[in-house]
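Colleague: Give me the fold of what follows.
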Amino acid sequence: MSNIPEGYKQTEVGVLPEDWEVKKLEEVGEALIGLTYSPSDVASEGILVLRSSNIQNGMLSFGDNVYVKSEVPDRIMVRTGDILICVRNGSRDLIGKSTVLDNRANGMTFGAFMSVFRSTYTKYLAHFFKSHIFLSQVEQHLGATINQITNASIYSFIAPLPPLPEQHAIAEALADADALIAAQERLIAKKQAIKQGAMQELLTGRRRLEGFEGVWDIRPIGELLKIRHGKNQREVEVSDGTIPILATGGQIGVAATPLYSKPSVLIGRKGTINKPQYIEKPFWTVDTLFYSEILGDNSAKFLYYVFTNIDWMQFNEASGVPSLNARTIEAVEIACPLPAEQHAIAVILSDMDAEIEALEQRLSKMRALKQGMMQELLTGRTRLI
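Modeller: Now for the predicted structure:
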């Protein structure tokens, strides 16, 4: 007995409504190969070449741009409504990521590691390209070693196509979800900017909290905390421990016993030296990650915020892998209030962090909900018409 519901049919991409079609992408649009250019073509201004870095969280971004001074065929000058796709990259996770281009991209082109898909079904297909249906086909094509998809690959991929009115309804519903996500991202960016401004004022004494006065002292960090070396985790690492083992990139395992049990500021000794960490619970750090022993009544959280405000790369002591020296860190001079004001500042900034974290958690839920909507709408399990 068939498990296919009445009014549905089995297709190459799963069970779909009977009135939907299944087509190869070559039947519904055109894939274009991007611009090949040499380092000598790169300039400080000219035609912007869109690359994978211009796609961030599925949106068009201009935070990392490359320009060329060269002749670009009109055919590969992008148009509003083109779908930009990453087709080749050293990172497999980036293959297949896409965004639809708006009028901000007018006058731009795209690089050879990218492809543009041009179609009259753009509003619907823009969501299809971000769906599990498309990305699973990309993953199947990549195999074990191949880190690219070709235009021939794109043409061979299969898309479910509902009737045009339903395409429009699906695209509108998903665009509304995208708008809510974008609004949440803007709110988070605004809150982060407010926090950054607060840090610049509170950590320098330009803005004083009510009840505090007096001149801040300029003191070397070594008078407020002592930098300690991490240790090899081999003897303490276990499979069922509760103590996090930390490296410059984050947690790498668990231990049975801690190296240190009090609140501490952590900073890389080697490798990633410009991303301080803060931890309140017992922990173990490996040799590449310094931890700190806070002196007296000073606030570990306040000092963590101070550390995040320092450009540690200026203190790099190696020509190869970035490195810091404990004595160098302790010699850096900072403006510092008395411990009571340190703790008060840390509370305010911690509250801001907690608010931003809550907003980011909500954003993650919104993105998950959008993915669920896509799976329902792009397979016809939920019908809008």
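
Colleague: The nearest residue to Asn325 once chain neighbours are set aside: what's it in contact with?
Modeller: Nearest non-adjacent residue to Asn325, counting by Cβ to Cβ, 6 or more residues apart in numbering: Glu317, 5.6 Å away. Backbone N, C-alpha and C define where each C-beta goes, glycine included. Residues in contact with Glu317 (Cβ atoms under 8 Å, 6 or more residues apart in numbering) are 323-325, 328.

Colleague: and which of these is nearest Phe157?
Modeller: Ser323 (46.5 Å; Cβ to Cβ).

Colleague: ok, the closest one - how many residues close by?
Modeller: By the measure other Cβ atoms under 10 Å, the count of residues near Ser323 is 17.

Colleague: is it true that it touches Ile267?
Modeller: No - assessed by Cβ atoms under 8 Å, Ser323 is found out of contact with Ile267, at 11.5 Å.

Colleague: Could you pull out the residues contacting both of the two?
Modeller: With Cβ under 8 Å, 6+ apart, Ser323 and Ile267 have common neighbours Ile273.

Colleague: and the residue nearest to Asn325, that one's in a strand?
Modeller: No - applying DSSP: H, G, I helix; E, B strand; the rest coil, one finds Glu317 to be coil, outside a strand.

Colleague: how near is it to Gly249?
Modeller: Per Cβ to Cβ, to the nearest Å, Glu317 is found 20 Å from Gly249.

Colleague: what's the answer for Pro337, then?
Modeller: Taken as Cβ to Cβ, the span from Pro337 to Gly249 is 33 Å.

Colleague: Tell me which of the two has more neighbours.
Modeller: A count of neighbours by other Cβ under 10 Å puts Pro337 above the other of Pro337 and Gly249, at 22 against 12.

Colleague: need the contact list for that one.
Modeller: 205, 212, 214, 216, 345.

Colleague: repeat for Leu48
Modeller: 62, 65-67, 107-109.

Colleague: can you give me the strands for the stretch 51-200 of the chain?
Modeller: In chain order, the stretch 51-200 of the chain shows strands spanning 55-56, 59-60, 66-68, 83-86, 98-100, 109-110, 114-118, 158-161, with DSSP state E, counting those that start in this stretch as the criterion.

Colleague: With mean neighbour count, distance to Ser299 and mean pLDDT as added columns, please give these in TSV.
Modeller: Listed next are the strands of the stretch 51-200 of the chain as TSV, based on neighbours: other Cβ atoms under 10 Å; distance: least, Cβ to Cβ, whole Å; pLDDT from 0 to 100:
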stretch	mean neighbour count	distance to Ser299	mean pLDDT
strand 55-56	17	35	94
strand 59-60	14	38	90
strand 66-68	17	43	95
strand 83-86	24	44	97
strand 98-100	23	43	96
strand 109-110	25	49	97
strand 114-118	23	48	97
strand 158-161	20	56	97
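
Colleague: what bridges to the nearest residue to Ala331 once chain neighbours are set aside?
Modeller: Distances taken as Cβ to Cβ, 6+ apart put Pro220 closest to Ala331, at 5.5 Å, once the chain neighbours are dropped. Per DSSP bridges, the residues bridged to Pro220 are Glu333.

Colleague: which residues touch Pro220?
Modeller: 330-334 are the contacts of Pro220 under Cβ under 8 Å, 6+ apart.

Colleague: Most neighbours among those residues, which one?
Modeller: Neighbour counts for these peak at Ile334, which has 19 neighbours (criterion: other Cβ under 10 Å).

Colleague: mind listing what the residue nearest to that residue when sequence neighbours are not counted touches?
Modeller: Using Cβ to Cβ, 6+ apart and skipping residues adjacent in sequence, the residue nearest Ile334 is Val306, 5.6 Å away. Taking Cβ under 8 Å, 6+ apart as the contact definition, Val306 lies against 203, 334, 336.

Colleague: and stretch 253-273, which residues are buried?
Modeller: 253-255, 258-260, 263-270, 272-273 (16 or more other Cβ atoms under 10 Å).

Colleague: So of those, which two are at opposite extremes in space?
Modeller: Val254 and Ile273 (24.8 Å).

Colleague: Tell me the buried residues in stretch 316-327?
Modeller: Buried residues in stretch 316-327, defined by neighbour count with 16+ other Cβ under 10 Å: 322-324, 326.

Colleague: what's the closest non-adjacent residue to Arg381?
Modeller: Nearest residue to Arg381 in three dimensions, chain neighbours excluded: Gln375, at 7.6 Å (Cβ to Cβ, 6+ apart).

Colleague: burial measure for that neighbour, as a count.
Modeller: Gln375 has 14 nearby residues by other Cβ under 10 Å.

Colleague: where's it, which helix or strand?
Modeller: Assigned by DSSP states H and E, Gln375 belongs to helix 339-377.

Colleague: just for the stretch 1-150 of the chain, where's the confidence low?
Modeller: Applying pLDDT under 70 to the stretch 1-150 of the chain flags residues 1-2, 143-145.

Colleague: Ala126 and Asn3, how far apart?
Modeller: Applying Cβ to Cβ to Ala126 and Asn3 gives a distance of 32 Å.

Colleague: the more surrounded of the two?
Modeller: Between Ala126 and Asn3, counted using other Cβ under 10 Å, Ala126 has the larger neighbour count: 23 against 7.

Colleague: Hmm, Ile170 and the more buried one touching each other?
Modeller: No - taking contacts as Cβ under 8 Å, Ala126 lies outside contact range of Ile170: 10.9 Å.

Colleague: Now do the residue lying closest to Ala43 once chain neighbours are set aside: how many residues are near it, please.
Modeller: Closest residue in space to Ala43, ignoring its immediate chain neighbours: Lys69 at 4.3 Å, by Cβ to Cβ, 6+ apart. When neighbours are defined as other Cβ under 10 Å, Lys69 has 13 of them.
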